[in-house]
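In: I'll drop the sequence and a predicted model, then ask my questions.
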Amino acid sequence: MKRSILSVGNLAAILILGGCMETMPGPDRPRPPRPGKPICTREYAPVCAAKGWRRKTFSNSCMAQAERYTVISPKPCDGK
């Protein structure tokens, strides 16, 4: 009787741990995107964007918005 209780306990532990491992992201499964950050393409359409007094050139408007910059020009920023 004692042996069957131990076996049932081991079986339950294996099933619980197996379920936990199934939900963990692995290298073959992509991670879900972070909330609040858009998924941007890698197209090259440079824009000038500003955040406060800082100006920076981004490869496209999506990349600027992902960094919380506001696009101010559809061209690269001046190198001043």
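Out: Perfect, I can see it now.

In: does residue 61 really touch residue 70, like I thought?
Out: No - applying CB atoms under 8 Å, one finds residue 61 not in contact with residue 70, separated by 9.9 Å. (Glycine included, C-beta is placed from N, CA and C.)

In: So for the two, which sits in the more crowded spot?
Out: A count of neighbours by other CB atoms under 10 Å puts residue 61 above the other of residue 61 and residue 70, at 18 against 11.

In: What values do phi and psi take at that one?
Out: Here is the backbone geometry of residue 61 (degrees, to the nearest 10): phi -70, psi -30.

In: In contact with residue 45, which residues?
Out: 59-61, 74 (CB atoms under 8 Å, 6 or more residues apart in numbering).

In: now swap in residue 61 and tell me
Out: By CB under 8 Å, 6+ apart, the contact list for residue 61 reads 45, 47, 49, 71.

In: ok, now with 7 Å
Out: Counting by CB atoms under 7 Å, 6 or more residues apart in numbering, residue 61 touches 47, 71.

In: Per-residue pLDDT of it, please?
Out: Model confidence at residue 61, given as pLDDT, is 95.

In: Tell me the confidence at residue 39?
Out: You'll see residue 39 listed with a pLDDT of 84.

In: Could you grab the helix/strand/coil label for it?
Out: The three-state assignment at residue 39 reads coil, by DSSP: H, G, I helix; E, B strand; the rest coil.
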